[in-house]
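A.B. asks: no sequence for this one, just the structure:
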């Protein structure tokens, strides 16, 4: 919006963004017209300053700038101040817009989308050791295992046999299961969890492929063990996330609460994690660092959350959740920061990534994403 105030030309994408905002309400249109009224802008800035506006720091910088250049072009700096305030306002509006249930029209969200894609849903396949296969779809979003057997959360029975079972999510799928000990597991897209329908040994062992978030029920006598892609995680009762996709460069175990012990299947090295730490499985053992755990568990709240994540990693998440393919041949080495709802259509997600990365992202009819710098 600073460009408009200064009389500069806008790009097509910028024009579309302004157009969408203006069409939201008559109040937006009135504010936009007032923005071009120099006297009104000056008065509003003084009011904001006197009212201890949340933009105090920005105003102070502008006051300093104006004081240095007051004799030459006062109105130019008032307009610059207005542009800064308006930019702050529009940024906050865009953030709230993306977090709301509204969807940008496809032709506005991105001019390079030829076929939109809906987000993933709660769906999975449950395969029992005796060969029985159950498709878990519809409005039943979770299952549980207890003394009566396996059932949906509403009590609808599925099986009462004691045997091993594998819960598998496809691309565009996620699912939740409560194990017989009360442990809760969330499975992300393209993942699987193998478990017994009754823990009879002196431990509680399961096998994970892909990504899962665990809230383990406490049982001091029976440790809970997760085997996943070259490592074992041993716990008594805790919350943690494991990302063990085969197409990721490393297995990541992120501890939210409690304490876990990791064992490398390759060299038998062990390491203890404390809350807020993450272990990356590398060739010679584990690399442990303190991290902000929220980006690694945000998917359980249906959000993509990135804090300095490589673009390739971001797009691999998009691949799994929207069941698309990405062309990595022209991939720039950049980091992504931002939060995007996983409940949005693909067009809105790609539009947000375009705005964050300043790249052009194309989606062909073959559901293939291509990057143009």
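C.D. replies: Nice, I can see it. Note that this is a predicted model, so its numbers are computed, not measured.
A.B. asks: need the strands for the stretch 151-300 of the chain, in chain order.
C.D. replies: 157-159, 164-169, 173-178, 184-187, 191-196, 204-215, 224-228, 231-235, 239-244, 251-257, 260-264, 270-273, 277-282, 285-290 (DSSP state E, counting those that start in this stretch).
A.B. asks: residues near residue 147, how many?
C.D. replies: Residues contacting residue 147 under the criterion other Cβ atoms under 10 Å number 7. The C-beta positions use only the backbone N, C-alpha and C, and glycine is treated the same way.
A.B. asks: residues contacting it?
C.D. replies: Contact analysis of residue 147 by Cβ atoms under 8 Å, 6 or more residues apart in numbering lists residue 180.
A.B. asks: hmm, try it at 10 Å
C.D. replies: 160, 180, 198 (Cβ atoms under 10 Å, 6 or more residues apart in numbering).
A.B. asks: so how far is stretch 166-175 from its chain's centroid?
C.D. replies: Computed by Cα atoms, centre = their mean, to the nearest Å, the chain-centroid distance of stretch 166-175 equals 17 Å.
A.B. asks: straight-line length of stretch 275-294, end to end?
C.D. replies: Taking Cα to Cα, to the nearest Å as the measure, stretch 275-294 stretches 12 Å from start to finish.
A.B. asks: show me where the chain has its helices.
C.D. replies: Ranges of helices in the chain, per DSSP state H, are 2-5, 12-22, 26-35, 38-50, 56-69, 74-99, 106-109, 294-297, 311-322, 346-357.
A.B. asks: what's the closest of the contacts of residue 147 to residue 356?
C.D. replies: residue 180 (43.0 Å; Cβ to Cβ).
A.B. asks: apart from its neighbours in sequence, what residue is nearest that closest one?
C.D. replies: Leaving aside its sequence neighbours, residue 180 sits nearest to residue 145 (Cβ to Cβ, 6 or more residues apart in numbering; 4.5 Å).
A.B. asks: tell me the one of the contacts of residue 147 nearest residue 295?
C.D. replies: Using Cβ to Cβ, the contacts of residue 147 come closest to residue 295 at residue 180, 31.1 Å.
A.B. asks: model confidence for the closest one, exactly?
C.D. replies: pLDDT recorded at residue 180 is 96.
A.B. asks: what's the burial count for it?
C.D. replies: 20.
A.B. asks: quick one: residues contacting the residue nearest to residue 180.
C.D. replies: By Cβ under 10 Å, 6+ apart, residue 145 lies in contact with 151, 158-159, 162, 165, 177-183, 195-199.
A.B. asks: and for residue 160?
C.D. replies: Per Cβ under 10 Å, 6+ apart, neighbours of residue 160: 147, 148, 149, 150, 151, 197.
A.B. asks: find the nearest non-adjacent residue to the second one, please.
C.D. replies: Same thing as residue 148. Once flanking residues are discounted, residue 148 sits nearest to residue 160: 6.5 Å by Cβ to Cβ, 6+ apart.
A.B. asks: returning to what we had before: and of the strands of the stretch 151-300 of the chain, who's closest to residue 122?
C.D. replies: strand 173-178 (5.9 Å).
A.B. asks: and that closest one with strand 191-196, angle?
C.D. replies: Taking axes from the mean of the first three to the mean of the last three Cα atoms, to 10 degrees, strand 173-178 and strand 191-196 form an angle of 20 degrees between their directions.
A.B. asks: give me the sheet partners of strand 173-178 and which way each runs.
C.D. replies: strand 121-122 (parallel), strand 142-146 (parallel), strand 184-187 (antiparallel) (DSSP bridges).
A.B. asks: looking at this structure, which helix or strand does the model trust least?
C.D. replies: helix 106-109 (a mean of 39; mean pLDDT, DSSP states H and E).
A.B. asks: so can I have JSON lines of the strands paired with strand 173-178 showing mean pLDDT?
C.D. replies: Output for the strands paired with strand 173-178, formatted as JSON lines (pLDDT from 0 to 100):
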{"stretch": "strand 121-122", "mean pLDDT": "96"}
{"stretch": "strand 142-146", "mean pLDDT": "96"}
{"stretch": "strand 184-187", "mean pLDDT": "98"}
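A.B. asks: any idea how far residue 192 is from the nearest residue to residue 292 once chain neighbours are set aside?
C.D. replies: Take residue 292 and drop its neighbours on the chain: the residue closest to it by Cβ to Cβ, 6+ apart is residue 307, 6.2 Å away. Separation of residue 307 from residue 192 (Cβ to Cβ, to the nearest Å): 28 Å.
A.B. asks: what comes up buried for stretch 134-148?
C.D. replies: By neighbour count on 16 or more other Cβ atoms under 10 Å, the buried set for stretch 134-148 is 134, 136, 140, 141, 142, 143, 144, 145.
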